[in-house]
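Undergrad: mind folding the following:
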Amino acid sequence: MYKVYILKCSDNTLYTWITTELTKRLRQHNWEIFGWAKYTLARKPVELLYF
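TA: Numbering: from 1, shown residues only. Predicted structure coming up:
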């Protein structure tokens, strides 16, 4: 099942996307594990606001 999520980045911008694995995706956004999260690379850490 897909989940929509909204992140707050360290520069106070918001990032919205969808995923089936929310925990894994959050770790990718914070570069704890490898993943394609280019937008948040320069804006980490990110905080989950909503899913």
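Undergrad: so which bits of the worst-scoring helix or strand of the chain on mean pLDDT are buried?
TA: When each helix and strand of the chain is scored by mean pLDDT, DSSP states H and E, helix 38-41 comes last, with a mean of 88. Using 16 or more other Cβ atoms under 10 Å as the burial criterion, the residues of helix 38-41 that qualify are Thr40. All C-beta spots, glycine's among them, are computed from the backbone N, C-alpha and C.
Undergrad: average pLDDT across the helix or strand following that helix?
TA: Downstream of helix 38-41, the first helix or strand assigned by DSSP states H and E is strand 47-50. Averaged over strand 47-50, pLDDT sits at 96.
Undergrad: what's in contact with strand 47-50?
TA: Strand 47-50 is contacted from outside by 4-8, 14, 22, 26, using Cβ atoms under 8 Å, 6 or more residues apart in numbering.
Undergrad: show me where the chain has helices.
TA: 22-29, 38-41 (DSSP state H).
Undergrad: can you redo the ones you listed as JSON lines with distance to Leu49?
TA: Output for these, formatted as JSON lines (distance: least, Cβ to Cβ, whole Å):
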{"stretch": "helix 22-29", "distance to Leu49": "12"}
{"stretch": "helix 38-41", "distance to Leu49": "13"}
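Undergrad: out of these, which gets nearest to Phe51?
TA: Closest to Phe51 of these, according to Cβ to Cβ: helix 22-29, at 5.9 Å.
Undergrad: list the contacts of the closest one.
TA: Residues contacting helix 22-29 (Cβ under 8 Å, 6+ apart): 3, 5, 7, 15, 17, 19, 33-37, 40, 44, 46, 48, 51.
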